[in-house]
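Participant: Below is the sequence, then the predicted model.
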Amino acid sequence: MTEATLDAATPGRSGDRLTPILFAVAIFTSAALLFVVQPMVTKLVLPMLGGSPSVWNTAMVFFQAALLGGYAYAHLLQRIGSIRTQVMVHLGLLLLAALFLPLKISGLLGDPDPSAPIAWLLATLALSVGAPFAVLSATAPLLQAWFARVRANEADGKNPYVLYAASNLGSFLALLAYPVLIEPLTSLGGQRMGWSGGYAVFMMMIAVLALVVWRRRTDTSSEPAALVASAPIAWREKGILVLLAAAPSSLMLGVTAHLSTDVASAPFLWVLPLALYLLTFVIAFQAKPWIPLWLTLVIQGAVGAVTVSLTAFRTGEWATIFALHLVAFFFTALMCHQRLAERRPAPDRLTEFYLLMSLGGVVGGAFNALIAPVLFNMVWEYPLVLILVGLARPWNNRRIELRDALLVLGAVFICLAPPVFFEILRANDGLRAAIGTAEASTITTLILLPGVICAFLVRDRALLFTAILAMIALSAHHVARGYDWDLSERSFFGVMRVAGTEDPRLGGQVNILMHGTTLHGAQARNETFACLPTLYYAPSTPIGQAAQRINLRDGGSVVGVVGQGSGAMAAYKRFDDRLTFFEIDPMVDRLSRDPAWFTYINGCADGPVRTVLGDARLTLARETPGSYDLLVIDAFSSDAVPTHLLTIEAIEGYLKLLKPDGVVVLHLSNRNLDITLPAAAAAQALGKPHLHQIYFEDDTLPDMAEASTEALIIANSEAGMAEFRADRRWRQLKETDVRPWTDDYVNLFGSLWRNIAGRG
């Protein structure tokens, strides 16, 4: 401890200007540690729950609850009059929390139960990282409160909220660094050790601040002055603060679910909405915000209305759509946080204010991750909150003028037009064929644009603005619903829907199974075609080819399939074969076995079919080595691939289960990621023979007969690969310099970039 540092605490000395810097650096460091640990720990636990996108949303609820606990502790600690005692208590708790380092996932609760994963996940996170995270989370409000007392006689001590911007700036930069630098350049083991070192450095910073506070007490011969008590925060005001904090928290998880469901459950997608969320705090709590509230309200009114009109639609241009969603989220969160900043109380109520904000964050997160999956059979929470947040806009209680009434009436007629047009289209096969489904969606979207303009023109009247947004959303969802769904169910692992569609060349009705936004199975109901495997499992696809090739061998085959879907692979099962599905979602197993929807398992398969529930990496490890002729790895959550199923360790585990001439088929079809090269690199690193095939569906066949499919086949030896090498549809890939994925290293950002730029 140098004299210059001690001078920082003494009024009138030249070093006194260093005190704000010491506080700001400590707050910045704690925030960076807090928000680096979130994607890191979630990535550690992700493989145990099948790589489901819901893992991040549920983990966020835990982190928000731990943050609330930290803020409550900071609030209660302020009741101790002696600031020196407060510092000593906090240092003691930091030391106790250090006993949990280095960070690791606790195994005390064993493997997760697929039928009740949320309780397991929350409890495991609490045991693994709860103590250090909660104590660290108390730092920002604590240090701001100490700063207000230590600097009570200085101008900067009157507004300690400015330090909250430093806190969120640290969080923002740490989050951006994780996918761009930390994840691609370091292993998970290195990340864990690096974080533990950062925690030790932070404890030293708090020790320095303790000396600063102690020096201040020595120089003034008394405690830093307690702040003058202000009026209590009214209960109505508390409710408003909680709701203003809850809406951005809910929207953040909603946007994240949109990104993760169709791309991947990965840190580089998790952190972007969270980083934008934190950036809005930085701007809102600045002394002079970069973006004033009046401009935020204008942009949010425009972008928010456009986004609501498009929430129901999905297109192949996911980057454009999600960019729009992120912009809308950013300005909506900024609006709410600027309204919060407007209502912040006097400095003596600082910890209570942060406690209420943290409570709002928990409420918003819990609504999305815990309550909505029980209340809704579809993902309705995101568009619902996007609409209701319009109530946070200015209310303007003047009388409704003729102009406003005409705009609302016009919006009503505009919003009625698309459903009417779409129903006419559905009833007229010739017209539908002439226009086409995609063009119909584009037309109906354009019809809604005048409604969006009507909403924007009444943006200064919250009730009218919100009402028009609700009408736009209902109209858009009616048009975009696509199939008439016979069944829609939701679990921790996603939304499963079953619908019937007509395909005359397959004998009429075909039942389809959709997970998220991706088709995961289809079966003709006509008896003539009912046992014909379709889509990715058709006999002509790489998966179908492998199943038929194995069936040509002598004796019964032992086949394992990771990912059950509609159960189409059961159509290949003969009496002497043994077939096992490895499925993480009990809902999928139930639907695929229900003859009301699909009969591949209970109807087409010759003999019983086994299903093992749980994450495939965990359940396959219990299977007998050297017992399988064919393993098909076909697990997807919507279109997102569980990356832990494609690592070197995973593939090595599959190969151990094979007979000497057995093969593994990796299904690698993906719209947004290059997952082929990392898988091929893993086979290459293991020194195992492998072949690749991309099959393009035949447009002359029935619509649901088959689907374009990409696959990689791997064997332990050339004995298993010989039959496939003789088939010219399978080809040898060139050696790749792409780094293979391991359980300690996955670079999904690189996979996304290669897909955008073209594989290399």
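Facilitator: Everything's here; your move.
Participant: just checking, A366 is part of a helix?
Facilitator: Yes - counting by DSSP: H, G, I helix; E, B strand; the rest coil, A366 falls inside a helix.
Participant: shouldn't it be in contact with F62?
Facilitator: No - A366 is beyond contact range of F62, at 10.3 Å (criterion: Cβ atoms under 8 Å). From N, CA and C alone the C-beta is placed, and that goes for glycine too.
Participant: Give the residue from those two that has the larger number of neighbours.
Facilitator: Between A366 and F62, counted using other Cβ atoms under 10 Å, the more crowded position is F62 (25 against 20).
Participant: Could you tell me the model confidence score at the closest residue in space to that one that isn't next to it in sequence?
Facilitator: Once flanking residues are discounted, F62 sits nearest to L125: 4.6 Å by Cβ to Cβ, 6 or more residues apart in numbering. With respect to pLDDT, L125 scores 92.
Participant: what comes up buried for the helix or strand L125 falls within?
Facilitator: For L125, the enclosing helix or strand under DSSP states H and E is helix 117-137. For helix 117-137, the neighbour count (16 or more other Cβ atoms under 10 Å) marks 117-118, 120-126, 128-137 as buried.
Participant: Likewise for stretch 619-626?
Facilitator: Quick answer for stretch 619-626 (16+ other Cβ under 10 Å): 619-620, 623.
Participant: Stretch 375-391 now?
Facilitator: So stretch 375-391, judged by 16+ other Cβ under 10 Å, has buried residues 379, 381-387, 389-390.
Participant: Show the end-to-end separation of it, please.
Facilitator: Across stretch 375-391, the terminal residues are separated by 22 Å (Cα to Cα, to the nearest Å).
Participant: need the strands for the chain, in chain order.
Facilitator: Ranges of strands within the chain are 485-491, 494-503, 508-515, 518-524, 558-562, 578-583, 610-613, 628-633, 658-667, 690-695, 709-715, based on DSSP state E.
Participant: can you tell which of these is closest to A323?
Facilitator: strand 518-524 (21.2 Å; Cβ to Cβ).
Participant: Need the contact partners of that closest one.
Facilitator: Residues outside strand 518-524 that contact it (Cβ atoms under 8 Å, 6 or more residues apart in numbering) are 262, 503, 506-514, 530, 532, 534-535, 565-568, 592, 598-600, 636, 638-639, 704, 707.
Participant: same deal with stretch 716-736?
Facilitator: Under Cβ under 8 Å, 6+ apart, the answer for stretch 716-736 is 542, 545-546, 549, 655, 658, 660-663, 676-677, 680-681, 684, 688-693, 695, 712-713, 715.
Participant: Could you dump the buried residues of stretch 375-391 into TSV with distance to G254 and pLDDT added?
Facilitator: Formatted as TSV, those follow (distance: Cβ to Cβ, whole Å; pLDDT from 0 to 100):
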residue	distance to G254	pLDDT
V379	8	81
E381	6	89
Y382	3	89
P383	8	90
L384	9	92
V385	7	93
L386	7	92
I387	12	92
V389	11	93
G390	15	92
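Participant: From the residues you listed, which land in helices?
Facilitator: With helices taken from DSSP state H, the overlap with the buried residues of stretch 375-391 comprises 381-387.
Participant: got TSV for those, with distance to G194 too?
Facilitator: Shown next, in TSV, are these (distance: Cβ to Cβ, whole Å):
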residue	distance to G194
E381	36
Y382	34
P383	40
L384	40
V385	36
L386	37
I387	42
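Participant: And those residues, which is closest to G750?
Facilitator: Using Cβ to Cβ, these come closest to G750 at Y382, 28.5 Å.
Participant: any idea how far the closest one lies from Y628?
Facilitator: From Y382 over to Y628 the distance is 41 Å, taken as Cβ to Cβ, to the nearest Å.
Participant: same thing with L620?
Facilitator: Where Y628 is concerned, L620 sits at a distance of 9 Å (Cβ to Cβ).
Participant: go on, S230?
Facilitator: 70 Å.
Participant: any residues touching stretch 466-475, and which ones?
Facilitator: 304-305, 308-309, 311-312, 383, 386-388, 390-391, 407-408, 411-412, 415-416, 418-419, 448, 451-452, 454-455, 458.
Participant: mean confidence score for that stretch?
Facilitator: For stretch 466-475, mean pLDDT rounds to 86.
Participant: All further residue positions should be reported with the first residue as 73.
Facilitator: Understood, numbering begins at 73; the last thing we discussed is stretch 538-547.
Participant: for it, which positions count as buried?
Facilitator: 538-545, 547.
Participant: so which of the buried residues of stretch 691-698 comes closest to D183?
Facilitator: T691 (8.9 Å).
Participant: coming back round to it: need the buried residues of stretch 691-698 in TSV with distance to Y250 and pLDDT, can you?
Facilitator: Converted to TSV, the buried residues of stretch 691-698 look like this (distance: Cβ to Cβ, whole Å; pLDDT from 0 to 100):
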residue	distance to Y250	pLDDT
T691	30	92
L692	30	94
E695	35	94
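Participant: export those to a markdown table and tack on distance to L316?
Facilitator: Shown next, in a markdown table, are these (distance: Cβ to Cβ, whole Å):
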| residue | distance to L316 |
| --- | --- |
| T691 | 45 |
| L692 | 47 |
| E695 | 52 |
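Participant: And R625, what's its pLDDT?
Facilitator: R625 is assigned 84 on the pLDDT scale.
Participant: Give me the below-cutoff pLDDT ranges for the stretch 273-422 of the chain.
Facilitator: Scanning the stretch 273-422 of the chain for pLDDT under 70 picks out 288-300, 333-340, 384-391.
Participant: er, the stretch 573-722 of the chain actually
Facilitator: 588-589, 709-712.
Participant: and with 90 instead?
Facilitator: 573-576, 579-581, 586-593, 623-628, 687, 689, 707-716 (pLDDT under 90).
Participant: which stretches of it form helices?
Facilitator: 614-623, 658-665, 688-692, 720-728 (DSSP state H, counting those that start in this stretch).
Participant: To T404, which of those helices lies closest?
Facilitator: Per Cβ to Cβ, nearest to T404 of the helices of the stretch 573-722 of the chain: helix 658-665, 32.2 Å.
Participant: Extract the CA atoms of that closest one and return them as PDB.
Facilitator: Coordinates of each C-alpha in helix 658-665 appear next as PDB, following Å, rounded to 0.1, in the frame of the first residue of the first chain:
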ATOM      1  CA  PRO A 658     -40.300 -37.600 -22.600                       C
ATOM      2  CA  MET A 659     -42.900 -35.600 -24.500                       C
ATOM      3  CA  VAL A 660     -41.300 -36.700 -27.800                       C
ATOM      4  CA  ASP A 661     -41.400 -40.300 -26.800                       C
ATOM      5  CA  ARG A 662     -45.100 -40.100 -25.800                       C
ATOM      6  CA  LEU A 663     -46.200 -38.400 -29.100                       C
ATOM      7  CA  SER A 664     -44.200 -40.700 -31.400                       C
ATOM      8  CA  ARG A 665     -45.700 -43.800 -29.700                       C
END
